[in-house]
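1. Predicted model and sequence follow; I will ask about them next.
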Amino acid sequence: GEDVEQSLFLSVREGDSSVINCTYTDSSSTYLYWYKQEPGAGLQLLTYIFSNMDMKQDQRLTVLLNKKDKHLSLRIADTQTGDSAIYFCAESPGGSYIPTFGRGTSLIVHP
Amino acid sequence: NAGVMQNPRHLVRRRGQEARLRCSPMKGHSHVYWYRQLPEEGLKFMVYLQKENIIDESGMPKERFSAEFPKEGPSILRIQQVVRGDSAAYFCASSPPRQAYTGELFFGEGSRLTVL
């Protein structure tokens, strides 16, 4: 199976919260990341969390890490149409700082 | 400070031809990474280079693919004798030495290769 798994699609209404989930397999992951890819563009780092943390908040973004279950989530509060994009979860295992990416979750925000 | 520059953005090749993809990292970045995104799949790591050195090529196919990052000039990903299965988006990313050790990468917009 894949090292990093995430659902492929999420559809929400503008103003609602979006929660994108991710699971990973490598228990030695040191850093976990969320990247955003807009159409026709490259990936842009949104936020990352170090493995000894369980939560990180940055304005409308909240990252939750459950290290026991190897589960990472990204919550976007007050989702806007401009948040429509593909969101990639990634992990960087200990000893290697090369991120492994999931397949990406397409977030569609309806007005 | 210009971002990571990749060219060409789109490349069409016939089976058996060669494809060369170029990547200029951000100013001050000495680490370059190549990823491939196949249709309906996520990003797959291919190779990690520093100036004049290949650090990790564990994701590179054993044949037909090569990469370099010379002392001067851009990093080049070269695909010889392309086949239809090579059709994909190829992303380059770079990082400065300090941030290389948190895995924070700065991505280019990608080069989309289509093999006819």
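-> Good, I have the coordinates.

2. how many other residues sit next to residue 63?
-> Went with chain A since none was named. Neighbour count of residue A:63, defined by other Cβ atoms under 10 Å in any protein chain shown: 21. Backbone N, C-alpha and C define where each C-beta goes, glycine included.

3. You answered for a different chain; I wanted chain B.
-> Residue B:63 has 8 nearby residues by other Cβ under 10 Å.

4. Also the one 10 residues further on?
-> When neighbours are counted by other Cβ under 10 Å, residue B:73 registers 10.

5. Return the residues in contact with it.
-> By Cβ atoms under 8 Å, 6 or more residues apart in numbering or on different chains, the contact set of residue B:73 is empty.

6. Dead centre of chain B: give me the residue that sits there.
-> Geometric centre of chain B, nearest residue: residue B:34, 3.4 Å, by Cα atoms, centre = their mean.

7. So what are the sheet partners of the helix or strand where residue B:46 lies and their directions?
-> Element membership for residue B:46 (DSSP states H and E) is strand B:43-50. With DSSP bridges as the test, strand B:43-50 is paired with strand B:31-37 (antiparallel), strand B:53-56 (antiparallel).

8. related to what we said a few turns ago, now do the contacts for the nearest residue to the residue nearest to the centre of chain B once chain neighbours are set aside.
-> The shortest distance from residue B:34 to any residue other than its chain neighbours is 4.4 Å, reached at residue B:46 (Cβ to Cβ, 6 or more residues apart in numbering or on different chains). With contact set as Cβ under 8 Å, 6+ apart, residue B:46 has these partners: B:33-36, B:57, B:59-60, B:65, B:67, B:77.

9. Go ahead and confirm residue A:62 touches residue A:72.
-> No - using Cβ atoms under 8 Å as the test, residue A:62 is too far from residue A:72 to be in contact (11.5 Å).

10. more crowded one of the two?
-> Comparing residue A:62 with residue A:72 by other Cβ under 10 Å, the one with more neighbours is residue A:72, at 26 against 17.

11. Which of the helices or strands spans the closest residue to the more buried one other than its chain neighbours?
-> Closest residue to residue A:72 apart from its sequence neighbours, by Cβ to Cβ, 6+ apart: residue A:22 at 4.5 Å. Here residue A:22 is covered by strand A:18-24, with elements defined by DSSP H and E.
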